[in-house]
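> Here's my sequence, what's the structure:
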Amino acid sequence: MTNSVLHKANTRGGANHGWLNAKHTFSFANYYNPDRMNFGVLRVLNDDTIAGGTGFGTHPHDNMEIITIPLEGALRHKDSLGNTAVIENGEIQVMSAGTGVFHSEHNDKQKEETKLLQIWVYPNKRNVEPRYDQIKISDNAEHNAFQQVLSPDPNDAGVWIHQDAWFHLGTFDANQKTTYNLNLKGNGVYVFIIKGGAKVNEQELETRDGYGIWDIDSFEITTTENDTQILLMEVPMQLNS
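Sure, this is the predicted structure:
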């Protein structure tokens, strides 16, 4: 398909710093691939494993929507807005960096790893007032169904960001077929297989594979393994959206 891009798990960039083992779907830090700068306004998809008792020291961000989804363990967040919180598996965190914010992230458990996805999305409004939020999403999760965990609407399900983007999470048994209908014409969807396996239309995907598709109104997902967990990220394809 000409309107698609496949990123196999073993083709991602990354670095193992000892305390941090990071995999980068798109160019980040010392990993640079001119063919992997972004998928529309989706700029960063990092798959991080943080050793016990370690973390990211205080560092700045601006004009970026930053979404964190813990997969295992917990992470303590502290920022210049006065927020101090612990985010765990089953929750989602969002930070609109806007005009600028400093924050740190730390795994307080000395003997347990924290595994998480950190995602950056270009905003559709620059220099907004910085904000932070986190919610528990596991309470509303249904098996064999996608759950909306992010949207542009503060009154809709999940967290919200300054962008016409929708994220959905789901855990499925094998041989479950689901149709995803896009929310906004012109958007694309980046499918990330957190674990398990699935077919998107006819494309076979395995654990940690990513698959971006665009110029469509809907597509079918069929799982191929039990306990398959999938993240769908629907985003505008134009950076100036």
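> switch to C-alpha atoms for all contacts and neighbour counts from now on
OK.
> and the most centrally placed residue in the chain, what helix or strand is that in?
In the chain, the residue lying closest to the centroid (CA atoms, centre = their mean) is I119, at 4.3 Å. I119 is located in strand 114-121, with elements delineated by DSSP states H and E.
> Against D48, how distant is the residue nearest to the centre of the chain?
Applying CA to CA, to the nearest Å, the value for I119 to D48 is 11 Å.
> Can you tell me the SS state at N10?
Three-state assignment for N10 (DSSP: H, G, I helix; E, B strand; the rest coil): helix.
> Number of residues surrounding it?
10 (other CA atoms under 10 Å).
> and what of L231?
When neighbours are counted by other CA under 10 Å, L231 comes out with 22.
> ok, now K111?
There are 10 residues near K111, going by other CA under 10 Å.
> quick one on the thing from earlier: helix or strand right after the strand holding I119?
Following strand 114-121 in sequence, per DSSP H and E, is strand 131-136.
> Adjacent strands (with direction) for that next one?
strand 91-96 (antiparallel) (DSSP bridges).
> Beyond the partner strand, next helix or strand please.
Past strand 91-96, further along toward the C-terminus, the next helix or strand under DSSP H and E is strand 101-106.
> Between strand 131-136 and that following strand, find me the angle.
Calculated by axes from the mean of the first three to the mean of the last three CA atoms, to 10 degrees, strand 101-106 forms an angle of 30 degrees with strand 131-136.
> Please report how far the residue nearest to the centre of the chain lies from G212.
According to CA to CA, I119 stands 15 Å off from G212.
> For stretch 32-43, what is the distance to the chain centroid?
Centre-to-centre, stretch 32-43 and its host chain are 14 Å apart (CA atoms, centre = their mean, to the nearest Å).
> Restricting to C-alpha, output stretch 58-67 in CSV.
Coordinates of each C-alpha in stretch 58-67 appear next as CSV, following Å, rounded to 0.1, in the frame of the first residue of the first chain:
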residue,chain,number,x,y,z
THR,A,58,15.1,18.0,35.8
HIS,A,59,14.9,19.1,32.1
PRO,A,60,12.9,21.6,30.0
HIS,A,61,10.2,21.2,27.4
ASP,A,62,8.2,23.7,25.4
ASN,A,63,5.6,23.7,22.7
MET,A,64,5.0,20.0,22.7
GLU,A,65,2.2,17.7,23.9
ILE,A,66,3.8,15.0,26.0
ILE,A,67,1.9,11.8,26.8
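> Now do the buried residues in that stretch.
By 16 or more other CA atoms under 10 Å, the buried positions in stretch 58-67 come out as H61, D62, N63, M64, E65, I66, I67.
> so who does the residue nearest to D133 when sequence neighbours are not counted touch?
Leaving aside its chain neighbours, D133 sits nearest to V94 (5.4 Å; criterion: CA to CA, 6 or more residues apart in numbering). If you count contacts by CA atoms under 8 Å, 6 or more residues apart in numbering, V94 has them with E65, I66, I67, T68, Y132, D133, Q134, V159, W160, I161.
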